[in-house]
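> 3D model of this:
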Amino acid sequence: MEMYGPETLSDHMVEWRRHLHQHPELSFEEKETSAYIAEKLKKLECFEVHEQVGGYGIVAVISNGEGPVVGVRADMDALPITEQSSAGYASVNEGVMHACGHDAHCAILLGVAHWVKEHRETITGTIKLIFQPAEETADEEGETGAEKMIRSPLLEDIDAIYALHMCPWLRTGEIQVNDGPSMANNDEFHITIFGEGAHAGYPHQGADPIWMTTQFLQTVYSMTGRRMHPLEIGTISVGQIHAGTASNIIPDRVDIYGTMRSYTDQVRYQLEKELLEKINMIHSLGGQYQWKIQKGEPALINDEDLNEVVRKAAANFEIYNEPFGMGSEDFSHMVNRLKGTMFFLGCGLEKERMLHQPDFDIDEQALQKGLDIMVGILQSYWKNQEG
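Residues are numbered from 1 along each chain as shown. This is a model prediction of the structure:
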């Protein structure tokens, strides 16, 4: 049986985080990560540990009489990034890295598990600790780990669910909280424009899809400035364009890949509608087209009441009340089904390390801060229910 006092738990969270950081696994491949976490939970001998939930997911359950059911979620997967670090805990799995802080999320949640064990007699109700796979990437069916886990009966009765995310642009001791829409809808598109190939010296003998693409992109990039309400949040960007094989050959097709981000369903619908209207212009330019839109994560809509619980638990922290930006987060699938919220936890180093970058790292003192807030959330939640 593993038991840690307050003076050692912080050190163990660092240990757990470094182990997970050194052994990262990609989405849907978190076999060893899941096994490591499950072993730690089982050694506490107080949780029902459910494995293989929505893939490699874990739900650890502890109950003490009738009362509210509260969930706390952490994601487990890493990214296909080659780490650039001299740290002794740098990734040993080539081309895979914890560049989004999921290792820290798991370490904090393991810390919560140890706190719950020590205080289980004082809590009335049920706590469910949720270790989720595959936040970063969808599978062939277009589903991420949250979508798969939320279908489990183990999550159906949760009254409130909380999550945190490491935030390198804030310092340790700071958090970011926002009521309502806080992260974006994420829709990916792939458009293929077909023309007719020709010698580059005789463009009039073909139908140039690169020229068509330039005309199309000009209308797309002006769309949000002239077709969207200026107070609504929405953006569309192209990240990849593929065409051609030689400098003197006009190709017969161009492939365009991009993303649309928004905070509301109305803007999400309008962006798609405007994009499909604009692509029709290709016909007038002598070309044809195909399109595919992959619906991604919905917007993260944080619950205002639960945010008040977070703010009370973080009363000694510097709190920034503002949206998290135009990134997306699959925790939104859980929040769409359950009452929930996510906050961002400051972990910035002297030199800021951005998320999803090969030199990403955190101030490990933030692990204890994250645990303090999560413990405060649980304590405040029970107090609120009693009152």
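> any idea how far the spatially most central residue of the chain is from F194?
By Cα atoms, centre = their mean, the chain has its centre lying nearest to E329, at 3.2 Å. From E329 across to F194, the span is 36 Å (Cβ to Cβ, to the nearest Å). Backbone N, C-alpha and C define where each C-beta goes, glycine included.
> And for I158?
Distance, I158 to F194, using Cβ to Cβ: 49 Å.
> Which one's more surrounded, those two?
I158 (24 against 16; other Cβ atoms under 10 Å).
> Quick check: that one touching R73?
No: the pair I158 and R73 does not pass the contact test of Cβ atoms under 8 Å, sitting 9.7 Å apart.
> Spatially nearest residue to P209, not counting backbone neighbours?
Nearest residue to P209, sequence neighbours excluded (Cβ to Cβ, 6 or more residues apart in numbering): G195, at 3.5 Å.
> Please list all residues in contact with the one you found.
206-209, 212, 250-254, 286-287 (Cβ atoms under 8 Å, 6 or more residues apart in numbering).
> From Q205, how far off is it?
According to Cβ to Cβ, G195 and Q205 sit 12 Å apart.
> do the same with E272
E272 sits at a distance of 36 Å from Q205 (criterion: Cβ to Cβ).
> Which one's more surrounded, these two?
Taking other Cβ under 10 Å, E272 and Q205 do not tie; E272 has more neighbours (18 against 11).
> What residues sit buried inside the helix or strand that contains the more buried one?
Assigned by DSSP states H and E, E272 falls within helix 265-279. Residues of helix 265-279 classed as buried: 267-268, 270-272, 274-275, 278-279 (neighbour count, 16 or more other Cβ atoms under 10 Å).
> just stretch 27-34 next, same as before
27-30, 33-34.
> Show me what the helix or strand containing A38 is packed against.
In this structure, A38 sits in helix 31-42 according to DSSP H and E. Counting contacts by 3 or more Cβ pairs under 8 Å, 6 or more residues apart in numbering; DSSP states H and E, helix 31-42 is packed against helix 6-22, strand 48-53, strand 57-64, helix 102-119, strand 125-132.
> any weak-confidence spans in the stretch 51-200 of the chain?
Within the stretch 51-200 of the chain, no range satisfies pLDDT under 70.
> can you pull out the helices in this protein?
6-22, 31-42, 102-119, 145-149, 209-226, 265-279, 281-284, 304-313, 331-337, 365-386 (DSSP state H).
> weakest of those helices in terms of mean pLDDT?
Per-stretch mean pLDDT for the helices of the chain is lowest at helix 365-386 (a mean of 86).
> now the helix holding A38, how far from the centre of its chain.
For helix 31-42, the gap between its own C-alpha mean and the chain's C-alpha mean amounts to 21 Å (Cα atoms, centre = their mean, to the nearest Å).
> which residues touch it?
Under Cβ under 8 Å, 6+ apart, the answer for helix 31-42 is 2, 16, 19-20, 23-25, 47, 49, 51, 56-58, 60, 76-77, 106, 110, 113, 129, 131, 133.
> Would you mind listing which of the residues you listed are buried?
Buried by 16+ other Cβ under 10 Å: 16, 20, 23-25, 47, 49, 51, 56-58, 60, 76-77, 106, 110, 113, 129, 131, 133, out of the contacts of helix 31-42.
> can you give me the strands for the stretch 151-300 of the chain?
Using DSSP state E, counting those that start in this stretch, the strands assigned to the stretch 151-300 of the chain run over residues 160-171, 174-177, 180-183, 185-194, 198-199, 234-243, 249-250, 253-262, 288-295, 300-302.
> Just name the most buried of these.
Mean neighbour count (mean count of other Cβ atoms under 10 Å) peaks for strand 300-302 among those, with a mean of 24.
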